[in-house]
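Student: Below is the structure, and that's it, no one-letter string:
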């Protein structure tokens with residue numbers, strides 16, 4: 001069909017040349033066949049072939065494009081993140097890519113990279129979380145005040161502002177401070193990293209006191225009163241203002257399901273403190 005169309009187009013062009021050739025007054029010594037051949041050669045001559053890229057340059061561009069694609073995919077896999085976040089008054093348990101679980105206390109943020117997990121199972125934590133289950137090799141949890149490398153199965157991390165504490169429940173965990181101080185904890189041992197990077201160590205503790213919050217229980221052992229009130233504020237989603245500068249240590253335990261007023265009464269009574277509710281969800285202790 002294409003060949004037939006070309007022949008028809010050619011015949012039309014020849015007819016036009018005949019008409020033009022007959023109408024010119026100046027004698028033209030070439031026949032229509034000669035004119036056609038001349039025109040045909042002219043068209044072929046004017047067809048400038050496209051410049052082709054040298055073979056070695058094509059290979060270089062192919063390699064460069066492949067590297068760029070691989071780099072883009074790698075960056076995407078490495079930095080695509082999944083963020084777990086709890087608000088005030090919320091406790092949530094979630095499963096991690098290796099099948100282990102993590103329970104987040106109120107106002108806690110946990111970030112990990114699911115597409116990069118098999119290469120480097122690392123998490124970033126702010127707040128408090130209890131980890132348990134079979135963890136991936138090289139499983140690490142990073143916070144501002146320290147890094148925990150998992151050598152065992154279950155542990156609790158508290159990482160808020162300048163406070164950083166790790167308690168080992170089973171197996172082993174290694175705690176590394178920003179100043180590269182290190183310690184390995186086993187069951188019933190606790191490490192606290194100070195703001196200057198030192199590590200204090202305690203053993204023979206009762207681990208379950210430190211994850212009682214996962215069961216809606218408050219258990220405090222020699223905890224500064226401001227820290228206790230902060231925990232109550234997070235748990236009950238309220239604002240608590242302590243008008244006095246009191247750093248006395250508080251020890252006690254009570255259910256986390258009792259009303260906030262009852263919890264404040266339990267905590268304030270040993271120190272002779274009173275509290276008033278200024279407005280909705282705002283308590284002042286004096």
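Tutor: Okay, I see it. All values derive from a computational prediction rather than experimental measurement. Residues are numbered from 1 along each chain as shown.
Student: all helices of this protein, in order?
Tutor: In order along the chain, the chain carries the following helices (DSSP state H): 2-23, 32-46, 55-79, 225-236, 260-268.
Student: Wait, residue 141 touches residue 147, no?
Tutor: Yes - counting by C-beta atoms under 8 Å, residue 141 does reach residue 147; the two are 7.2 Å apart. Just so you know, the C-beta spots here come from the backbone N, C-alpha and C atoms, and that holds for glycine as well.
Student: More neighbours: which of those two?
Tutor: Set side by side, residue 141 and residue 147 show more neighbours around residue 141, with 25 against 18, by other C-beta atoms under 10 Å.
Student: quick one, what contacts that one?
Tutor: 122, 123, 124, 125, 129, 131, 147, 148, 150, 157 (C-beta atoms under 8 Å, 6 or more residues apart in numbering).
Student: Tell me which of these fall in strands.
Tutor: Of the positions in those, 122, 123, 124, 125, 129, 131, 147, 148, 150, 157 sit in strands, assigned by DSSP state E.
Student: any idea how far residue 267 is from the fifth one?
Tutor: As for residue 129, its distance to residue 267 is 24 Å (criterion: C-beta to C-beta, to the nearest Å).
Student: the more surrounded of the two?
Tutor: residue 129 (26 against 23).
Student: Mind listing the residues bridging to that one?
Tutor: Taking DSSP bridges as the rule, residue 129 bridges to residue 104, residue 157.
Student: per-residue pLDDT, it?
Tutor: At residue 129, the model reports a pLDDT of 98.
Student: my guess is it meets residue 103, correct?
Tutor: Yes - Residue 129 lies in contact with residue 103 (C-beta under 8 Å); the separation is 6.5 Å.
Student: Once you drop chain neighbours, what's closest to residue 89?
Tutor: residue 237 (3.7 Å; C-beta to C-beta, 6 or more residues apart in numbering).
Student: Next, that neighbour: phi, psi?
Tutor: Backbone torsions of residue 237, given as degrees, to the nearest 10, read phi 60, psi 50.
Student: Do I have it right that it meets residue 88?
Tutor: Yes - between residue 237 and residue 88 there is a contact at 3.7 Å, judged by C-beta under 8 Å.
Student: Quick check: neighbours shared by the two?
Tutor: Contact with both residue 237 and residue 88 is made by residues residue 106, according to C-beta under 8 Å, 6+ apart.
Student: Contact partners for the closest residue to residue 121 other than its chain neighbours?
Tutor: Leaving aside its sequence neighbours, residue 121 sits nearest to residue 136 (C-beta to C-beta, 6+ apart; 4.1 Å). By C-beta under 8 Å, 6+ apart, residue 136 lies in contact with 97, 98, 117, 118, 121.
Student: Going by neighbour count, which of these comes out on top?
Tutor: Of all the contacts of residue 136, the most densely surrounded is residue 121 (22 neighbours; neighbours counted as other C-beta under 10 Å).
Student: how near is the residue nearest to residue 89 to residue 221?
Tutor: Following C-beta to C-beta, the distance that separates residue 237 from residue 221 is 25 Å.
Student: Need the distance between the two termini of stretch 169-188.
Tutor: End-to-end distance of stretch 169-188 (C-alpha to C-alpha, to the nearest Å): 6 Å.
Student: which of the contacts of residue 141 lies closest to residue 201?
Tutor: Of all those, residue 201 sits closest to residue 148, with 14.5 Å by C-beta to C-beta.
Student: Which pLDDT does the model give that closest one?
Tutor: Residue 148 is given a pLDDT of 95.
Student: which residue packs closest to it, ignoring adjacent ones?
Tutor: residue 141 (4.6 Å).
Student: and if you look at residue 108?
Tutor: Nearest one to residue 108, counting by C-beta to C-beta, 6+ apart, is residue 127 at 2.8 Å.
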